[in-house]
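J.: pasting the structure only:
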């Protein structure tokens with residue numbers, strides 16, 4: 001999900017800071033230590049990571065290497081990455097890792113107390129429960145039973161009860177727009193005729209050939225890339241570089257706030273009820289800034305819900321998804337619904353399937369195969385183009401912002 005090709009590093013331990021929407025390759029800096037059954041310590045070449053292996057943790061003498069890496073997670077990790085080898089190593093007794101961080105480089109809105117060490121799995125980032133933040137020396141420590149992809153991420157509190165389906169009544173998503181198309185002066189996002197999609201859906205542009213307000217999708221829907229299948233679209237200004245930094249991001253339709261917090265960097269998730277009765281969810285990731293919205297707050301089509309940023313990634317861009325609400329293969333990718341007909345967030349163990357339709361929520365990512373992505377997400381531009389839209393109206397002032405004073 002980034003503007004450059006990246007390489008994936010699998011089955012290795014990576015501590016990830018400011019990583020991007022794609023895979024990464026190893027850097028040149030590494031350090032190695034021969035660790036025997038009596039244990040030992042390995043320190044990264046930059047001194048920011050210390051791994052202590054206790055006596056009895058290893059069955060055999062092992063050379064453990066810590067190497068700087070650009071492995072990317074694009075799922076809310078914070079900072080530099082490291083590859084620990086041999087990959088897949090299991091410990092009889094957990095190893096202990098300490099990671100130092102620079103508090104001045106933390107993303108806006110992230111406090112030191114919010115940080116935790118997390119494993120990156122097919123279910124997304126899973127917080128390591130043993131994580132302890134030491135603000136005095138700006139470090140985090142945790143016990144690791146094995147080598148895997150690991151990073152610093154933000155702890156989120158997922159309320160179990162969010163929004164009832166009936167809360168959408170009277171606030172239907174009757175038409176869609178694109179989330180971009182606003183250069184801060186003129187907003188073209190309501191005009192679906194400016195959206196161009198190639199026959200194979202590999203090239204998507206909006207307002208093409210406009211020097212200051214033309215847009216393109218760098219990584220398309222269900223495109224295979226280093227981490228699997230991409231379940232959304234990465235929107236960038238055609239002028240390239242960081243020229244899209246701070247550009248407004250708009251709600252694609254009337255909806256209700258389902259999540260406001262840190263997932264893929266600063267993230268907003270909105271629920272939308274279609275005329276068909278299906279509830280879908282739009283996902284806006286890597287925002288530079290966003291409002292502090294209450295779950296359940298009503299959002300109008302075109303409201304500014306953030307600004308394009310690079311939180312949780314490196315390149316500036318908008319990561320945008322539209323998740324399906326109902327599908328036979330939906331496990332816990334989409335908005336879920338409990339037995340009280342309330343939409344909820346949480347992990348798979350929170351729910352049962354017995355005859356109950358689930359709507360979606362934990363947002364596992366990335367897609368592991370193209371069929372799963374097709375079954376659980378919509379191609380955003382296709383849905384936006386095919387939904388009814390009003391006659392184009394171009395505003396020379398941005399739509400109402402929810403951000404408030406900066």
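T.: Looks like it came in fine. Small disclaimer: the values here were computed from a predicted structure and weren't measured.
J.: okay, and the beta partners of residue 140?
T.: residue 99, residue 133 (DSSP bridges).
J.: also residue 279?
T.: Beta-bridge partners of residue 279, as defined by DSSP bridges: residue 273.
J.: what's the pLDDT at it?
T.: Residue 279 is assigned a predicted lDDT (pLDDT) of 80.
J.: over to residue 289?
T.: 87.
J.: from what I see, it and residue 306 are in contact.
T.: Yes. Contact criterion CB atoms under 8 Å: residue 289 and residue 306 qualify, at 6.2 Å. The way it works is simple: take the backbone N, C-alpha and C, and place the C-beta from them, glycine included.
J.: neighbour count winner among those two?
T.: residue 306 (27 against 16; other CB atoms under 10 Å).
J.: that one sits in which helix or strand?
T.: Assignment of secondary structure by DSSP states H and E places residue 306 within strand 304-308.
J.: from residue 214, how far out is residue 180?
T.: 10 Å (CB to CB, to the nearest Å).
J.: quick one: low-confidence parts of the stretch 251-400 of the chain?
T.: Along the stretch 251-400 of the chain, the parts satisfying pLDDT under 70 run over 325-368, 388-400.
J.: tell me where it has helices.
T.: Taking DSSP state H, counting those that start in this stretch as the test, the helices found in the stretch 251-400 of the chain are 370-376, 380-386.
J.: please identify the most buried of those helices.
T.: Among the helices of the stretch 251-400 of the chain, the stretch with the highest mean neighbour count (mean count of other CB atoms under 10 Å) is helix 380-386, at a mean of 20.
J.: centre of the chain to it, how far?
T.: Between the centre of helix 380-386 and the centre of its chain there are 21 Å (CA atoms, centre = their mean, to the nearest Å).
J.: report the distance from the strand holding residue 306 to the chain centre.
T.: 15 Å.
J.: let me have the helices of the stretch 251-400 of the chain in CSV, extended by distance to residue 173.
T.: Formatted as CSV, the helices of the stretch 251-400 of the chain follow (distance: least, CB to CB, whole Å):
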stretch, distance to residue 173
helix 370-376, 19
helix 380-386, 10
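J.: wait, which of those is closest to residue 277?
T.: helix 380-386 (15.8 Å; CB to CB).
J.: need the overlap of contacts for residue 180 and residue 214.
T.: Counting by CB atoms under 8 Å, 6 or more residues apart in numbering, the common neighbours of residue 180 and residue 214 are residue 206.
J.: what about the two, which has more around it?
T.: More crowded of residue 180 and residue 214, by other CB under 10 Å: residue 180, with 28 against 18.
J.: ok, now which ones touch that one?
T.: 189, 206, 215, 235, 247, 249-250, 308, 318.
J.: what about 7 Å?
T.: For residue 180, the contacting residues are 189, 206, 215, 235, 318, by CB atoms under 7 Å, 6 or more residues apart in numbering.
J.: now do the phi/psi pair for it.
T.: Dihedral pair for residue 180: phi -110, psi -160, per degrees, to the nearest 10.
J.: and the protein, split by domain according to the record?
T.: Structurally, the chain divides into domains by automatic domain parsing as follows: 26-154, 163-386.
J.: beta-bridge partners for the residue nearest to residue 86 when sequence neighbours are not counted, please?
T.: Nearest non-adjacent residue to residue 86, counting by CB to CB, 6 or more residues apart in numbering: residue 62, 6.7 Å away. Residue 62 has these beta-bridge partners by DSSP bridges: residue 35.
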